[in-house]
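Novice: Here is a sequence with its predicted model. Questions after.
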Amino acid sequence: MLYRKLKSVATTATLGLTTLMLAGAATAQTLVGQPTPRGLGLQPSGDGPDGMRTQAIAFHDHILLPIITLITLFVLGLLIWIIIRYNKRANPTPAQFSHNTTIEIIWTTGPVLILMFIAIFSFRLLGAYHNMPKPDLTVKVTGNQWYWSYEYPKALGAISFDSNPLSEADAKAKGVPFKLAVNNPMVVPAGKTVQVLVTGADVLHSFFIPAFGVQSTAVPGKLNTVWFKAEKPGIYYGECNELCGVQHYFMPIEVDVKSQADFDAWVASKAPAPTPAAAPAASAAKTAATAAAATAG
């Protein structure tokens, strides 16, 4: 009788939870590059079908999640069975043995085999993350309390700027997400390998962009390296997810991925204004002669 009641409760709870999850997923409009309200699952990839983020999502959804689900259901079923079969009322005389060699071998080798299976895919993905292609662009990112600083190479004019979040009024006026949008985003070209050198100016920060699968700790006095390759132009958001102080929330990351032509135009717009050209030597001499004649007269 108790078993039937527990089974009925478990079935109803599972169906209810599944219905709620499917309803939430159906009503949520999946957003790329930023969190999705009432979303389900990991944030979608922004680096193309063959990108590292796409591979990481596949590893989570197709390897880790099924294994975790099966283990959780197995343990839950085992607990329910033990509660029903071996409670005091159903089993007034408990067994006296304390060991079972077969079961001990199974619960030792089973987890080891599961972890070895996971390690095959995990190490392969980890190796791919560390095997960075030749970068097309390198950007240095510095975490400060509490804002980000970006520096581009001298070949692009040594562009550098600070990035701070927009106020709620400015974000609302521009129609961008508050606490994610910034005044000066990091700008990179689409389809290019971008190397990011990450460091900190004061305390530990974290450079984290979910859509690219990028995360690196900003450590004062040390350069860490990550890379990504965004396939499509667009806006992608991240944030510092290292507890770096009372204004930790004040360190969003915005990456503006542009086409190569638009990126070149952005670089040109950041170039310093040219200084006025010096007057030709002849004109300078003529001016000096005129001034001398006027003085003599």
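Specialist: Sure, I can see it. Numbers count the residues shown, from 1 in each chain.

Novice: State the helix or strand in which R53 lies.
Specialist: Under the criterion DSSP states H and E, the helix or strand holding R53 is helix 52-59.

Novice: Domain map for this structure?
Specialist: 47-92+101-131, 137-269 (automatic domain parsing).

Novice: okay, those domains, which one's buried deepest?
Specialist: Highest mean neighbour count among the domains of the chain (mean count of other C-beta atoms under 10 Å): domain 137-269, with a mean of 18. The C-beta positions use only the backbone N, C-alpha and C, and glycine is treated the same way.

Novice: Show me what the helix or strand that comes right after the helix holding R53 is packed against.
Specialist: As assigned by DSSP H and E, the chain's next helix or strand after helix 52-59 is helix 65-85. For helix 65-85, the contact count by 3 or more C-beta pairs under 8 Å, 6 or more residues apart in numbering; DSSP states H and E identifies helix 2-27, helix 101-130 as packing neighbours.

Novice: shaky segments in the stretch 151-297 of the chain?
Specialist: Where the stretch 151-297 of the chain drops to pLDDT under 70, the residues are 273-297.

Novice: Doesn't A90 belong to a helix?
Specialist: No - if the criterion is DSSP: H, G, I helix; E, B strand; the rest coil, then A90 is coil and not within a helix.

Novice: show me the contacts for it.
Specialist: With contacts taken as C-beta atoms under 8 Å, 6 or more residues apart in numbering, A90 has the following neighbours: I84.

Novice: still on that earlier bit, how distant is the helix holding R53 from the center of its chain?
Specialist: Chain-centre distance of helix 52-59: 12 Å, with C-alpha atoms, centre = their mean, to the nearest Å.

Novice: What of stretch 74-92?
Specialist: Its chain's average C-alpha position is 43 Å from that of stretch 74-92, according to C-alpha atoms, centre = their mean.

Novice: Please apply the same query to stretch 156-173.
Specialist: 19 Å.

Novice: Quick check, D136 in contact with V188.
Specialist: No - in this structure, D136 is not within contact of V188 by C-beta atoms under 8 Å, at 9.2 Å.

Novice: shared neighbours, those two?
Specialist: With contacts taken as C-beta under 8 Å, 6+ apart, the residues that reach both D136 and V188 are V194.

Novice: For T142, which three-state class applies?
Specialist: Here T142 takes the strand state, with states given by three-state DSSP.

Novice: Check the helices and strands packed on helix 65-85 for me: which has the lowest mean pLDDT.
Specialist: Between the helices and strands packed on helix 65-85, the one with the least mean pLDDT is helix 2-27; it has a mean of 46.

Novice: count of neighbours near D136?
Specialist: 14 (other C-beta atoms under 10 Å).

Novice: show me the contacts for it.
Specialist: Contacts here follow C-beta under 8 Å, 6+ apart; on that basis D136 touches P189, K192, T193, V194.

Novice: Could you work out the most separated pair of those residues?
Specialist: Looking at those by C-beta to C-beta, the two members farthest from one another are P189 and T193, with 10.0 Å of separation.

Novice: can you list residues touching both of those two?
Specialist: Here P189 and T193 have D136, L137 as joint contacts, going by C-beta under 8 Å, 6+ apart.

Novice: and the domains of the chain as JSON lines, adding distance to L40?
Specialist: Supplementary listing: the domains of the chain in JSON lines, determined by distance: least, C-beta to C-beta, whole Å:
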{"stretch": "domain 47-92+101-131", "distance to L40": "11"}
{"stretch": "domain 137-269", "distance to L40": "15"}
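
Novice: Identify the residue spatially nearest to V267, adjacent ones excluded.
Specialist: Nearest residue to V267 in three dimensions, chain neighbours excluded: L156, at 5.3 Å (C-beta to C-beta, 6 or more residues apart in numbering).

Novice: Next, find the distance separating the one you found from G143.
Specialist: Look at L156 and G143: by C-beta to C-beta, to the nearest Å, they are 22 Å apart.

Novice: now do L79
Specialist: Applying C-beta to C-beta, the value for L79 to G143 is 45 Å.
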